[in-house]
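1. 3D, please:
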Amino acid sequence: MKNRNKYGSLNPMMRTEWGAALVASMIANVNKKEHAPSFHITDFAPHIKSEEKTISLDEAKKEWA
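-> Numbering: from 1, shown residues only. Alright, predicted model coming up:
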């Protein structure tokens, strides 16, 4: 599992999904409005996990307050 997390899966469909998501995120970032947040590959590839840490609702309320 460590090897897969470090180098990625050898599954050709996952690699195709990653490549398509990369192209889609680049096109979206080129065409986004100036102050809009950037798109990430994970926005276009549901099977690729985001490296961003998710926070709970209570933590979000404290952070936004």
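2. For the lengthiest helix in the chain, which helices and strands make contact with it?
-> With secondary structure taken from DSSP state H, the chain has its longest helix at helix 12-30. Applying 3 or more Cβ pairs under 8 Å, 6 or more residues apart in numbering; DSSP states H and E, one finds that helix 12-30 contacts no other helix or strand. For every residue, glycine as well, the C-beta is placed using N, CA and C.
3. Which parts of it count as buried, going by neighbours?
-> By 16 or more other Cβ atoms under 10 Å, the buried positions in helix 12-30 come out as 17-18, 21, 25.
4. Which pLDDT does the model give the spatially most central residue of the chain?
-> Central residue of the chain (Cα atoms, centre = their mean): residue 42, 2.0 Å from the mean position. Listed pLDDT for residue 42 reads 87.
5. By mean pLDDT, point me to the weakest helix or strand of the chain.
-> Taking mean pLDDT, DSSP states H and E as the measure, helix 2-7 is the helix or strand of the chain with the lowest mean score, a mean of 67.
6. count of neighbours near residue 45?
-> Other residues near residue 45 number 19, with proximity taken as other Cβ atoms under 10 Å.
7. where's it relative to residue 32, distance?
-> According to Cβ to Cβ, to the nearest Å, residue 45 stands 18 Å off from residue 32.
8. Equivalent analysis for residue 57, please.
-> The gap separating residue 57 from residue 32 is 28 Å, by Cβ to Cβ.
9. With residue 48 instead?
-> Going from residue 48 to residue 32 by Cβ to Cβ gives 20 Å.
10. between those two, who's got more neighbours?
-> Under the criterion of other Cβ under 10 Å, the comparison of residue 48 against residue 32 puts residue 48 first, with 17 against 12.
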